[in-house]
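> Have a look at this fold, sequence not included:
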């Protein structure tokens, strides 16, 4: 019952849980069945929000990956809904498309910085880890990496284009 309305208005606690799963400091505030009987739903939150079958919605282009350059965050947009993406998956997102040419020779250093940052995102602890130290590391590092990504996106058009 406490999930009612979580998609209707901005809720930073809910967004944090959607982004960080069990690692979120707010995960315990919501009645989430992290270990349901269906094995492929383990560690996931099932939200009945799509207007059709997943494959049809996906093929129709109703689910769109977007980037908030000011926040340094990726999210999936479904109509008016904005669902955060696990920061650990940013490495997969960047890896799906080759980086654009950086242009100026001075951008070479920024290309190395971005690649280092992409690697750092990929090394974040898993959102489902039960280790308290790893959860704390994830919650410390993910916002730092996102802030650095926002800085790089603000400074370099090629990062925003990518």
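Received the coordinates, thanks. Keep in mind that this is a model prediction, so the values were computed, not measured. Numbering: from 1, shown residues only.
> separation between the residue minimising distance to the centre of the chain and residue 29?
By Cα atoms, centre = their mean, the mean C-alpha position of the chain lies nearest to residue 85, the distance being 2.1 Å. To residue 29, residue 85 is 21 Å away according to Cβ to Cβ, to the nearest Å. Using the backbone N, CA and C atoms, a C-beta is placed for each residue, glycine as well.
> for residue 66, same thing?
Distance of residue 66 to residue 29, computed by Cβ to Cβ: 27 Å.
> same thing with residue 98?
Separation of residue 98 from residue 29 (Cβ to Cβ): 41 Å.
> Next up, phi/psi of the closest residue to the residue nearest to the centre of the chain other than its chain neighbours, please.
In space, residue 85 comes closest to residue 74 once its chain neighbours are excluded; the distance is 4.2 Å by Cβ to Cβ, 6 or more residues apart in numbering. Note on residue 74: its backbone torsions stand at phi -100, psi 150 [degrees, to the nearest 10].
> count of residues packed around residue 74?
When counting by other Cβ atoms under 10 Å, one arrives at 21 neighbours for residue 74.
> ok, it - contacts?
Contact analysis of residue 74 by Cβ atoms under 8 Å, 6 or more residues apart in numbering lists 65, 66, 67, 68, 84, 85, 89, 90, 93.
> Most widely separated two among the residues you listed?
Farthest-apart pair in the contacts of residue 74 is 68 and 89; separation 15.1 Å (Cβ to Cβ).
> hmm, back to that, the residue nearest to the centre of the chain and residue 19 touch, don't they?
Yes - applying Cβ atoms under 8 Å, one finds residue 85 in contact with residue 19, separated by 7.3 Å.
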